[in-house]
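> What would the 3D arrangement of this be:
(one chain, ligands or ions: 1)
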Amino acid sequence: MNTAAVDPEAVNPEAVQPVAVITGASSGIGAATALKLADAGYRVVLTARRTEKLAEVADRIAKDGGQADTHQLDVTDRSAVEAFGAALGRCDVLVANAGGAIGGDSVAASSPDDWLAMYEVNVLGTLHITQVLLPKLIASGAGTIVLMSSTAGLTSYEGGGGYVAAEISHIFGSFGTAVTIIERGDHLLGRHDADIAERFTELYRKRFDVRLNAAVQQVSRAGPGVRLDLTTPTGPESAEGEVLLVAAGRQPNSDRLDVAAAGIEVDAHGHVRTDGTRQTTTPGIWALGDLANHFQLKHMANAEARVVWHNIAHPDKPRSAVFPVVPAAVFADPQVASAGATERELRALGRPYLAATHPYSKAAYGWALEDTTSFVKVLADPGTRLLLGAHIIGPQASTLIQPLVQAMCLGSTVDQMGRGVLYIHPALTEVLEQALLKLGG
Ligand SMILES: Cc1cc2nc3c(=O)[nH]c(=O)nc-3n(C[C@H](O)[C@H](O)[C@H](O)COP(=O)(O)OP(=O)(O)OC[C@H]3O[C@@H](n4cnc5c(N)ncnc54)[C@H](O)[C@@H]3O)c2cc1C
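Residues are numbered from 1 along each chain as shown. Sure thing, here's the model as predicted:
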């Protein structure tokens, strides 16, 4: 096994055969990817921190008629990565696979050092190898980078299909953890517009074990992990895993703070009551954030904090915290963003509305992304032509929604929004323009 420089003959830049570098190639997904790439005609350069198993992978590739070189490489060691890069002639594909670096059998059993090690391998190591090999990937004309990382063998269970469960599932799922989501409703993100919730659920079912209409009856220990007994419309089910995350909603802790002792009133949900200036029922005491509002959003807490700072400093000129539209996003994959009413809410209110839905794929940027699942949905008042609701599922949804939030807050009509401004081509915002134009007028 070659543990020093890469053989320049083997991977010389003039060679017609493309070269793929795979880190963490001794086992698991790294080895499997190496076999596939060798099969596809690449000369594969297999690297790993520990080299014992690399030869086995190289032998399997050789037996199938492929070509593989093996190299000891610790990707967290920047100088070693630079030496490796300097000796490597060409690179067409980089598969930056970190592999599971966490110690112990489960997340719960892991120490801060385990997490630090995982960070060093998954983040720093990936950064080093990508930075060092980037010039070669660019030089090859059509370089491809595949970033992978995993916390091998972890299984997480989520209780609840709201945004916290969606985001945490995405994080663990991206590490390679098998995730089961248990939701008592018939969709994930059930409070969102029904079209969005339906699409999100459909996409999450492809990624995770999603149990809908499932109620947890009992949680018990099962070996080192947990077992959940569920009731579902089709009969009892169970789910087992190493870690259970209960993401079934949050409550203000006004009871534990015993705010009543200071004469501060709370509402039926335990949120501290405040007036428009965010002063509580006890003069001189202010409340903001999750303790005092129902939205439980960081940007709401930030905005309220600015109002409270002002009001404490300028009691003679108090400001009110008035936020007519409260946008929110789910930072999962796919991303989801929403502002204003859902179609269900408008129907329940008996309020007339116009609706238009437009797929990313019909706009140039979405087409270039080869996107087939993302869309923008806008709801407008047929009389005033003001936006009543905006809902987006897809890449950059949380950024894309912002002009619609501006329009809703500042009173622009859908016609002013759709026809009165130019949308840069081929930016993703063109999908907003096209959705707004679909509302006619
Ligand atoms: C998993 C998760 C993901 C989220 N993602 C988003 C997101 O993407 N976007 C978004 O807008 N919002 C998000 N939120 C919500 C956001 O975190 C909150 O809305 C925001 O942090 C509220 O700010 P806050 O100051 O009211 O409360 P917090 O940020 O919770 O701060 C309260 C602080 O008070 C401390 N504290 C509590 N009790 C006591 C006590 N008795 N004595 C002393 N200290 C005490 C707590 O330890 C904490 O530090 C998320 C929340 C969670 C749980």
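> Quick one: name the residues of the protein near the ligand.
Proximity of the chain to the ligand is confined to 164, 167, 253, 257, 289-291, 296-299, 301, 331 under the rule Cβ under 6 Å from any ligand atom. C-beta coordinates here come from the backbone N, C-alpha and C atoms, glycine included.
> Rebuild the residues you listed as CSV, extending it with secondary structure and pLDDT.
Below are the residues of the chain next to the ligand laid out as CSV (DSSP: H, G, I helix; E, B strand; the rest coil; pLDDT from 0 to 100):
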residue, secondary structure, pLDDT
Val164, helix, 92
Glu167, helix, 95
Asn253, coil, 92
Leu257, helix, 93
Gly289, helix, 95
Asp290, helix, 94
Leu291, helix, 95
Gln296, coil, 92
Leu297, coil, 95
Lys298, helix, 95
His299, helix, 96
Ala301, helix, 95
Phe331, coil, 97
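> Out of these, flag the one nearest to the ligand.
Using Cβ to the nearest ligand atom, Gly289 is the member of those that lies nearest the ligand, at 2.0 Å.
> Got the phi and psi for Phe208?
Phe208 adopts backbone torsions of phi -130, psi 170, taken as degrees, to the nearest 10.
> who's the residue nearest to it when sequence neighbours are not counted bridged to?
Leaving aside its chain neighbours, Phe208 sits nearest to Val179 (4.6 Å; criterion: Cβ to Cβ, 6 or more residues apart in numbering). With DSSP bridges as the criterion, Val179 is bridged to Ser156.
> Is Val179 in contact with Asp209, as I believe?
Yes. With contact defined as Cβ atoms under 8 Å, Val179 and Asp209 form a contacting pair (7.0 Å).
> if you count what's nearby, which of those two comes out ahead?
Val179 (25 against 15; other Cβ atoms under 10 Å).
> From Ala363, how far out is that one?
32 Å (Cβ to Cβ, to the nearest Å).
> for Val421, same thing?
Val421 is 16 Å from Ala363, where distance means Cβ to Cβ.
> Those two: which is more packed in?
The neighbour comparison of Val421 against Ala363 (other Cβ under 10 Å) goes to Ala363, with 25 against 13.
> Which per-residue confidence value corresponds to that one?
We have a pLDDT of 98 for Ala363.
> which residues sit in contact with the most centrally placed residue in the chain?
Centroid-nearest residue in the chain: Ala332, 2.9 Å away (criterion: Cα atoms, centre = their mean). Shown in contact with Ala332 (Cβ atoms under 8 Å, 6 or more residues apart in numbering): Tyr163, Ala166, Glu167, Ser169, His170, Phe200.
> Give me the number of neighbouring residues for the fifth one.
It stands for His170. When neighbours are defined as other Cβ under 10 Å, His170 has 19 of them.
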